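Enquirer: quick one: sequence and predicted model below, then my questions.
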Amino acid sequence: MTQKLTYCIDLDGTLCSNTFGEYEQAVPVQYAINQVNYLHSAGHKIKIFTARGSTSGIDWRITTEKQLQTWGVKYDELILGKPEADVYVDDKALNASEWVDSRESNNPSGFEYIHRSLIEASSVMLKNTSSADKLLEACELVTQSLVAGNKILWCGNGGSAADSQHLAAELVGRFAKNRPALASIALTTDSSIITALANDFGYETIFERQVLALGNPGDVLIGITTSGSSTNVINAMKIAQEKGLKTIGFSGSQISQIDSVADISLKAPSQTTSHIQEVHISWGQIICGYAELRLFP
């Protein structure tokens, strides 16, 4: 049976938006609240902590209690300051191990495994909000390229290859509404080209050769690699820059080769392949949705 723990949950920036003093304007983060409510229902103790009023001298307890009640948050204590706990979750140090303590069983029940997996994925996605500024740059870059009549190229291996063709389809087809087609090509789909290049030139050339054939100045190449070091993706990014294409790299949190060949390097806040992939597909869909919204308001 899973040990009952005390979870210490930060309020602003974790359970709700960080309003930097404008507390009445805070917006609840529903999936984080759902996680807390599940932990509470499972018998874990929930302490919510906040620094509200620590500099102004104003006691925000009444306002905060009303917000928590309105948002439907289940908890045991609301504390001004940081209390003792087994597990801490806050917007400055959020990762999967803080949501699911290492003392959890290594052989969980089916339900526990599913719950733990969802918690881990959600915590990575929550921490991913720190990449919003760079993601906006990527959205603008792709949108400007399409406005100018250029195209978006995608490449990656394995699951990243699947993401490439999925995301190219979002642009060529539709994302959220019917509209004119947008030019996009996944360099991962033509089996004849890929096998010919791999056989004749080497697997590391399968994307760069296609960039040489299809890429033009003003196009954007998005290279997806969970490790950040896939040779064929790195080679394609280098060739793209030499040809005057702009490049965007999707990778994990570790410093890697793609950082040096990407005009914009987006790094998922995880080193777990499955969670990196979850972040990558969300970025790609945000980019596609943003471009569609701006081009066809």
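Expert: Here it is on my side, so go on.
Enquirer: for the chain, name the helix or strand with the lowest mean pLDDT.
Expert: helix 96-99 (a mean of 40; mean pLDDT, DSSP states H and E).
Enquirer: helices or strands up against the helix or strand containing D133?
Expert: Element membership of D133 [criterion: DSSP states H and E] is helix 132-147. Helices and strands touching helix 132-147, as assessed by 3 or more Cβ pairs under 8 Å, 6 or more residues apart in numbering; DSSP states H and E, comprise strand 152-156, strand 220-224, strand 246-251, strand 264-267, helix 273-295. All C-beta spots, glycine's among them, are computed from the backbone N, C-alpha and C.
Enquirer: closest to T14 out of the ones you listed?
Expert: Closest approach to T14 among those (Cβ to Cβ): helix 273-295, 18.0 Å.
Enquirer: tell me the domain ranges of the chain?
Expert: What automatic domain parsing lists as the domains of the chain is 6-93, 131-295.
Enquirer: deepest-packed of those, please.
Expert: Most buried of these, by mean neighbour count (mean count of other Cβ atoms under 10 Å): domain 131-295, with a mean of 19.
Enquirer: can you give me the end-to-end span of it?
Expert: Using Cα to Cα, to the nearest Å, the end-to-end distance of domain 131-295 comes to 23 Å.
Enquirer: how far away from the center of its chain is that domain?
Expert: On the basis of Cα atoms, centre = their mean, to the nearest Å, domain 131-295 is displaced by 15 Å from the centre of the chain it belongs to.
Enquirer: same thing with stretch 27-40?
Expert: Computed by Cα atoms, centre = their mean, the chain-centroid distance of stretch 27-40 equals 19 Å.
Enquirer: still on that earlier bit, and of the helices and strands packed on helix 132-147, who's closest to K134?
Expert: Ranking these by their distance to K134 (criterion: Cβ to Cβ) puts strand 264-267 first, at 5.6 Å.
Enquirer: which residues sit against that closest one?
Expert: Contact partners of strand 264-267, identified using Cβ atoms under 8 Å, 6 or more residues apart in numbering, comprise 131, 134-135, 137-138, 141, 228, 247-253, 258-259, 283.
Enquirer: with stretch 290-297 instead?
Expert: Outside stretch 290-297, the residues touching it (Cβ under 8 Å, 6+ apart) are 139, 142-143, 146-147, 171, 174-177, 179-180, 182.
Enquirer: hmm, back to that, tabulate the domains of the chain (a markdown table), appending mean pLDDT and distance to S117.
Expert: Shown next, in a markdown table, are the domains of the chain (pLDDT from 0 to 100; distance: least, Cβ to Cβ, whole Å):
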| stretch | mean pLDDT | distance to S117 |
| --- | --- | --- |
| domain 6-93 | 82 | 12 |
| domain 131-295 | 97 | 9 |
